[in-house]
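K.L.:
sequence and computational prediction follow.
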Amino acid sequence: MPGYVEDRWTKNGPVDPATQKPTRVKTDLYGKCKRYRVCGIPGVRKRSFDRKTDADTWKSKVQAELLRGEFVDHRDGNTTLAEYVTEDYWPTRTGDPATLQTVEERIDNRILPYLGELRLNAIKVPQLRKFLADLDERYGPSTIIEAWGTLSSILQSAVDDEKIPRNYCLAKTVRPPSKPERKARAWSRDKVLAVQAGLDDCFKVMVDLGVGAGLRQGEVLGLSVDDIGVDVIHVRRQVRVVHSRLVFSPPKGGKTRTVPMPAYLSERIKAHAAQSPPIPVTLPWVNPDAAENAKQAAERAPQTHRLLVTGQQRKGALRRSVFNSGPWKRALVAAGVIPPPAPREGARTRPDGSRARPNTKHASAPEDGFHALRHTFASVQLDARESVVSVSRWLGHSDPSITLKIYAHMMPEADGRGRAAMEAWFAGGS
């Protein structure tokens, strides 16, 4: 294996007549730098040492690692985490644009402010412990777990790029907090009807679709009248926000599906369509950014669908954040689920006695979002002893095990049937 150790302080001089060997003379670098430098190894940058023993040891180690294909020049890790993310990691990311936007925001807000100025090879267990402690002061366990997973992905990419030898997020002595267990909670029939009654008429059908078919909120907003069959609903798209713009995209996980539609839901949909006729809405497909080539132009070509639910002005698709912070929260207040907004402090009173700029900021209600309707659908189906496989398919889960993990606590007890079956089995074998 090529490679040699160079003495930078001395060089060959005139030949000594007595020994017939070259003498050693001082170079211009004498005493100004590390004396011994390893050179001549293909693909490996030169490296200097104070002692020749250290230089020889490093040369032998590098040569052995090169033969095994395991050599990593740790000096590549001198780049900062922020530089690596900007120059190497992020430009190679591909995938769903909405997911990429979420990851980018997570990196910018919860990783780089704490670790961005550190060199890659300086991010080790002590620095990671401090990172977790800093996040713990500001965020809950779920947010910390997501940030930790993204950081680990970045550092593992740096390992694969041979920038650093190890991803310390995988160390056994440093771990993010455990995610608190949250069981999905179904609503009672009275609660569902009370919240629905508090909604504007143009939005009431959303509750029917959530409870009656288990549709996600984005799927309800993307549902076209053309997706309604005789006794089924074809879930083909959703409405999402990407780069602050509305787009059509496939349902979560890219899984289209067909859900059985009970007769009452069919009637509710017909009544809604008669009162609020569906209107055509045109949105980009998946990505709203300008196409850079013909392939992107074809993939992002706008689509037009006659949406069942639209904004209150009936001019386009409904933005879920607008619905959740407005009509939905007001319906929760009307149903007594959350309290009304408290009066705004310092608000002025008009001459007629009314208060200017009333407070419209409602209380947080993480357990009472639109998704609770989907939980209710699953609860009703499982309580009726519907097959978990069927419920999983209707919900659009990739695997029945996901349905079991989320909704196992909603499944009815066996009422002793299993015990009776075993007694009969043993009795038959005696």
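P.N.:
Great, that's in hand. What you see is a predicted model, and the numbers here were worked out from it, not measured in a lab. Numbers count the residues shown, from 1 in each chain.

K.L.:
low-confidence ranges in this protein?
P.N.:
70-77, 344-360, 412-419, 421-423, 425, 428-430 (pLDDT under 70).

K.L.:
for the stretch 151-300 of the chain, which segments count as strands?
P.N.:
For the stretch 151-300 of the chain, the strands defined by DSSP state E, counting those that start in this stretch cover 232-235, 238-242, 245-249, 257-260, 279-283.

K.L.:
ok, now which ones touch D208?
P.N.:
Counting by CB atoms under 8 Å, 6 or more residues apart in numbering, D208 makes contact with 196, 265, 268-269. In this view, the C-beta of every residue, glycine as well, is placed from N, C-alpha and C.

K.L.:
now for those, which pair is the farthest apart?
P.N.:
Q196 and I269 (14.3 Å; CB to CB).

K.L.:
list the buried residues of stretch 89-106.
P.N.:
By neighbour count with 16 or more other CB atoms under 10 Å, stretch 89-106 contains the buried residues 89, 96-98, 100, 103, 106.

K.L.:
mind checking the end-to-end distance for that stretch?
P.N.:
End-to-end distance for stretch 89-106, by CA to CA, to the nearest Å: 14 Å.

K.L.:
how far does it sit from its chain's centre?
P.N.:
9 Å (CA atoms, centre = their mean, to the nearest Å).

K.L.:
what's in contact with it?
P.N.:
Under CB under 8 Å, 6+ apart, the answer for stretch 89-106 is 107, 146-147, 150, 154, 157-158, 240-243, 249, 286-287, 289.

K.L.:
rerun at 6 Å
P.N.:
Contact with stretch 89-106 is made by 147, 150, 154, 157, 240, 242, 287, as judged by CB atoms under 6 Å, 6 or more residues apart in numbering.

K.L.:
how about stretch 209-228?
P.N.:
192, 206, 233-240, 251, 259, 265, 278, 305-309, 318, 320, 370, 373-374, 376-377, 394-395.

K.L.:
of these, which belong to helices?
P.N.:
The helices, defined by DSSP state H, take in 192, 206, 265, 320, 373-374, 376-377, 394-395 from these.

K.L.:
ok, the contacts of D208 vs A365, which is closest?
P.N.:
Set against A365, the nearest of the contacts of D208 by CB to CB is Q196 (15.8 Å).

K.L.:
ok, the closest residue to that closest one other than its chain neighbours - how many residues close by?
P.N.:
Nearest residue to Q196, sequence neighbours excluded (CB to CB, 6 or more residues apart in numbering): V207, at 4.2 Å. Neighbourhood size, V207 [other CB atoms under 10 Å]: 22.

K.L.:
the one 5 residues further on too?
P.N.:
G212 is flanked by 23 other residues according to other CB under 10 Å.

K.L.:
for G218, same thing?
P.N.:
By other CB under 10 Å, 19 other residues sit near G218.

K.L.:
got a list of what the closest residue to it other than its chain neighbours touches?
P.N.:
Of all residues not flanking G218 in the chain, Q238 sits nearest, at 3.5 Å (CB to CB, 6+ apart). Applying CB under 6 Å, 6+ apart, we find Q238 in contact with 218-219, 222, 249, 251.

K.L.:
between the residues you listed, which is nearest N121?
P.N.:
Nearest to N121 among the contacts of Q238: S249, at 39.5 Å, using CB to CB.

K.L.:
what about that closest one, neighbour count?
P.N.:
When neighbours are counted by other CB under 10 Å, S249 registers 21.

K.L.:
could you find the closest non-adjacent residue to it?
P.N.:
Distances taken as CB to CB, 6+ apart place V286 nearest to S249, at 4.7 Å, with adjacent residues excluded.

K.L.:
same check, this time on L115
P.N.:
Per CB to CB, 6+ apart, closest to L115 is L81, 5.2 Å.

K.L.:
all good on my end, thank you.
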